[in-house]
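# Sequence first, predicted coordinates after that:
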Amino acid sequence: MSTLASPALSLNTLVRLKRSGLGIAPRAPRRLVVPDGMTAPLGCDAVAVPADLGVLLVPRLPRVGCIYADSSHWWWLVPSDSDYALEWPAPSRYATGAIVPDTPRTPHLFHRPDGTLPYTPPIPLYLALCRLTGTAPAWSRPISA
């Protein structure tokens, strides 16, 4: 009788086998697309907020750019690197490259602004989010020595 040792399986292999056995393929990342006729000379990132919070943000902003929506979140297009030196307050999520993770479908365009720029100004959006979530803006927090 032969005793052959079976090779060890990694966690990635086990997950892949389980998904393939159930017919579940990993979701490809989805990118929010700038609408036709608009340009994004500064690149695009996105900020996601729960939909109920999104409704409260709109009247607090001087300009609203493209907003995409799915069943639970609103996604706001902002210029690339709008997270530089900022910690966007929870429950918001910052998405570099406007890549929307873990969604079954790409969110649909909910609001399109007049003009050719798709952006919501990031600083007013950040400040409005801080106000609504009770979070102090990053630059007003005490610095520890």
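Looks like it arrived, so ask away.

# How about the contacts made by the most centrally placed residue in the chain?
Against the mean C-alpha coordinate of the chain, by C-alpha atoms, centre = their mean, the closest residue is residue 95 at 3.6 Å. With contacts defined as C-beta atoms under 8 Å, 6 or more residues apart in numbering, the neighbours of residue 95 are 45-48, 75, 101. All C-beta spots, glycine's among them, are computed from the backbone N, C-alpha and C.

# what about the closest residue to residue 60 other than its chain neighbours, which SS state?
Excluding the flanking residues, the one nearest residue 60 by C-beta to C-beta, 6 or more residues apart in numbering is residue 128, at 4.1 Å. Classification of residue 128 using DSSP: H, G, I helix; E, B strand; the rest coil returns helix.

# What separation is there between residue 128 and residue 58?
Using C-beta to C-beta, to the nearest Å, residue 128 is found at 9 Å from residue 58.

# neighbour count winner among those two?
Counted by other C-beta atoms under 10 Å, residue 128 and residue 58 do not tie: residue 128 has more neighbours, with 20 against 13.

# which residues does the more buried one contact?
Contacts of residue 128 by C-beta under 8 Å, 6+ apart are 57, 60-61.

# So residue 106 lies in a helix, does it not?
No. Remark: residue 106 does not belong to a helix; assigned using three-state DSSP, it is coil.

# Which strand residues bridge the residue nearest to it when sequence neighbours are not counted?
Leaving aside its sequence neighbours, residue 106 sits nearest to residue 30 (C-beta to C-beta, 6+ apart; 4.4 Å). Applying DSSP bridges to residue 30 yields these beta-bridge partners: residue 100.

# what about residue 30, how many neighbours?
16.

# didn't it look like it was pressed against residue 98?
No. At 9.3 Å, residue 30 and residue 98 do not qualify as touching, with contact defined as C-beta atoms under 8 Å.

# Please report how far residue 71 lies from residue 97.
22 Å.

# er, residue 30 actually
For residue 30, the distance to residue 97 equals 11 Å [C-beta to C-beta].

# Could I get the full set of strands for this protein?
Counting by DSSP state E, one finds strands in the chain at the ranges 30-31, 45-50, 67-69, 73-78, 93-95, 99-100, 108-111.

# And the second one, what does it pack against?
So the one you mean is strand 45-50. strand 73-78, strand 93-95, strand 99-100, helix 122-133 (3 or more C-beta pairs under 8 Å, 6 or more residues apart in numbering; DSSP states H and E).
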